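1. Here is a sequence with its predicted model. Questions after.
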Amino acid sequence: MAGEKDIKQALKEGKLLMGRTEVVRAMKRGSLVSVFCPSNCPPDLLRELEHGAALSKGKLEVQKFTGNSARLGQACGKPFNITVLGIKK
């Protein structure tokens, strides 16, 4: 799956942020290098993340995770859905 290796590595290193509030806050601070959105990401959140990535001038990459939010949670070893993930610098 797209990015699953990156997600597992970030989880191991303690660089993973989960959830809309945490990821958007870190994105605005400029402390993320990558964001993963599941296939069922809410359109308003996706627009907000893509806008933030555009403002970062290439410093932040928004990646589409090929699975849904339940699969994204499983990729992180969590028993719940995850709307968005961020990987810290």
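-> Received it, and whenever you're ready, just let me know what you need.

2. Let me know the outermost residue of the chain.
-> The C-alpha centroid of the chain is most remote from residue 57, which lies 17.6 Å away (CA atoms, centre = their mean).

3. Packing partners of the strand ranked longest in the chain?
-> Longest strand in the chain, counting residues (DSSP state E): strand 32-37. On a contact count with 3 or more CB pairs under 8 Å, 6 or more residues apart in numbering; DSSP states H and E, strand 32-37 meets helix 4-13, helix 20-29, helix 43-55, strand 61-64, strand 85-88. Where C-beta positions appear, they are placed from N, C-alpha and C, glycine not excepted.

4. Packing partners of the second one?
-> Counting contacts by 3+ CB pairs under 8 Å, 6+ apart, the secondary-structure elements packed against helix 20-29 are strand 32-37, helix 43-55, strand 85-88.

5. among the helices and strands packed on strand 32-37, where is the model least confident on average?
-> In terms of mean pLDDT, the lowest-scoring of the helices and strands packed on strand 32-37 is helix 4-13 (a mean of 88).

6. three-state assignment of residue 81?
-> Following DSSP: H, G, I helix; E, B strand; the rest coil, residue 81 is assigned to coil.

7. if I pick the nearest residue to it once chain neighbours are set aside, what's in contact with it?
-> Ranked by CB to CB, 6 or more residues apart in numbering and with sequence neighbours excluded, the top spatial neighbour of residue 81 is residue 69, at 4.0 Å. By CB atoms under 8 Å, 6 or more residues apart in numbering, the contact set of residue 69 is 38, 40, 41, 81, 82, 83.

8. Of those, just say which sits nearest to residue 15.
-> Residue 15 lies nearest to residue 82 out of the contacts of residue 69, by CB to CB, at 15.2 Å.

9. where does that closest one land on pLDDT?
-> pLDDT at residue 82 comes out at 95.

10. residues contacting it?
-> 18, 19, 38, 69, 72, 73, 76.

11. And for residue 30?
-> Residue 30 is in contact with 56, 59, 60, counting by CB under 8 Å, 6+ apart.
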